[in-house]
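Colleague: Output the structure for:
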Amino acid sequence: MGFLTFLSDFGTTDHYVAAVKAKILTLNPEQVIVDISHHVEPFNIAHALHVINSVYQDFPEGTVHLLAVDTHGTKNGRYQAALYKGHYFVCADNGLLSLITENDPRQLVDLPAQPDSSSPCRDIMAPAAVGLANGANMAEVGELAEDMVQRINRQLRLNDHSIIGHVVHVDHYGNLITDISQDSVDAIGHGRPYTIQFNREVIDRVSRRYNQPGEGDCVALFNRQGFLTIGINKGHASELLGMYFDSRVEVHFTPDPAE
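Modeller: Below you'll find the model as predicted:
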């Protein structure tokens, strides 16, 4: 029996999470359920993508990830399961799967439809997730699918001397996680000094820890997933800097004197 993780935009003040868990435990009382978060912003696919991409590979291969975000947002009424990098993902066909799998899942199936269901996560997605967690193959939980709703991530703007990216997530502490990866900085910079510019601030040093600068000072570091993150030591960077999802962040490299 594999692990089953649960990510949703249901919140925790209502009964929705408990109803889904009740269904899972009815199907298998011994099923291990790991809550990732139930505080994804409602209907926010980008937020869900950031959260699941930050953690799913920490789980063993074979783990099933139940993704209940914008579950009524599928215009075609489809719910799907996908196999990607050894992990199973179950969610509405609302574009999230295309972003997780980069439009290239190893396997993709449509789950059996229940058009009258008021809770597709409970009635359609949860049974498929339990089946996969207990060893069912993809063909046993759905019919082979050849397509899914596709979304495209915002792309970095790169040139010889700069990278322009954006904030993709604001975490609980107010830290600003961007889509600028350390790999992109290394590839464009070739070891050159650089500055990080955002709002009216400029940082010329990348730290290893949030508390490396003085209290109240801005800090830039690469997080565990390798993405540039901006914070304020003992402060809420999003509120204090007036930056939120999609705010612009730039990296500027010092030109080579030989150029």
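Colleague: Every contact and neighbour count from this point should use C-alpha atoms.
Modeller: Noted.
Colleague: Might you report the residue contacts of the residue nearest to Val170 when sequence neighbours are not counted?
Modeller: In this structure, Val170 finds its nearest non-sequential neighbour in Leu176, 4.9 Å apart by C-alpha to C-alpha, 6 or more residues apart in numbering. Leu176 makes contacts with Val167, Val168, His169, Val170, Thr229, Ile230, Gly231, Ala237, Ser238, Met243, Tyr244, as judged by C-alpha atoms under 8 Å, 6 or more residues apart in numbering.
Colleague: List the strands paired with the helix or strand encompassing the first one, with their directions.
Modeller: For Val167, the element it lies in under DSSP states H and E is strand 162-170. Within its sheet, and counting by DSSP bridges, strand 162-170 is paired with strand 157-159 (antiparallel), strand 176-181 (antiparallel), strand 248-253 (antiparallel).
Colleague: buried ones in the helix or strand that Ala22 is a member of?
Modeller: If you go by DSSP H and E, Ala22 is part of helix 16-27. By 16 or more other C-alpha atoms under 10 Å, the buried positions in helix 16-27 come out as Tyr16, Val17, Val20, Lys21, Lys23, Ile24.
Colleague: Any chance of TSV for those, columns distance to Asp104 and pLDDT?
Modeller: Converted to TSV, the buried residues of helix 16-27 look like this (distance: C-alpha to C-alpha, whole Å; pLDDT from 0 to 100):
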residue	distance to Asp104	pLDDT
Tyr16	31	96
Val17	30	97
Val20	29	97
Lys21	30	98
Lys23	30	97
Ile24	28	97
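Colleague: okay, and for the protein, where does confidence drop off?
Modeller: Scanning the chain for pLDDT under 70 picks out 75, 257-259.
Colleague: Please report how far Gly231 lies from Ser54.
Modeller: 18 Å (C-alpha to C-alpha, to the nearest Å).
Colleague: which of these two has more neighbours?
Modeller: Gly231 (25 against 12; other C-alpha atoms under 10 Å).
Colleague: Which parts of the chain belong to which domain?
Modeller: 4-144, 157-253 (automatic domain parsing).
Colleague: Name the stretch among those domains that sits most buried.
Modeller: domain 4-144 (a mean of 18; mean count of other C-alpha atoms under 10 Å).
Colleague: tell me how far the ends of that domain are from each other?
Modeller: 22 Å.
Colleague: contact partners of the strand holding Val167?
Modeller: Under C-alpha under 8 Å, 6+ apart, the answer for strand 162-170 is 46-47, 50, 155-158, 176-180, 185, 188, 238, 244-253.
Colleague: circling back: quick one: which of the buried residues of helix 16-27 is nearest Ala220?
Modeller: Val17 (35.7 Å; C-alpha to C-alpha).
Colleague: what's the spacing between that closest one and Ile52?
Modeller: 17 Å.
Colleague: for Met148, same thing?
Modeller: 19 Å.
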